[in-house]
Structures are given as C-alpha cells and as structure tokens.
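>>> structure for the following, please:
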Amino acid sequence: MNVLIRKPASPGYEDAPGIMLQAHMDMVCEKAPNVPHDFSRDPIS
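Here you go, the predicted structure:
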C-alpha cells in the first residue's frame, strides 16, 4: 500500500525542495504448534 500526503510548506520555505519518506514493514511468520502449515511452501490464506 502506498500513501501520498501533501502538506503546504511552512512560511518562508515555499521555494524549498520537497522531501519524500519511504518505509516498509516486514511480516514475521509464526504459527501455533498444532497447525500443519509450512511457511516456505504453503500460501497464507
């Protein structure tokens, strides 16, 4: 998912170059011991 936020410049910085921030989130695979799921082969439903 991408999110775009535009915010007006602070007074006095109207001609300054804009900035872009980028980040990502990792998913940690975890399952209950009694669930027969192999994260290296099985899709996540």
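>>> what separates the residue nearest the centre of the chain from Gly18, distance-wise?
For the chain, the residue nearest the mean C-alpha position is His24 (3.5 Å; CA atoms, centre = their mean). The gap separating His24 from Gly18 is 21 Å, by CB to CB, to the nearest Å. In this view, the C-beta of every residue, glycine as well, is placed from N, C-alpha and C.
>>> before we move on, what about Asn34?
As defined by CB to CB, Asn34 lies at a distance of 51 Å from Gly18.
>>> more neighbours, the two?
The residue with more neighbours, out of Asn34 and Gly18 and counting by other CB atoms under 10 Å, is Gly18; that gives 8 against 5.
>>> so where's the protein shaky on pLDDT?
Within the chain, no stretch has pLDDT under 70.
>>> how about the strands in it?
For the chain, applying DSSP state E gives no strands.
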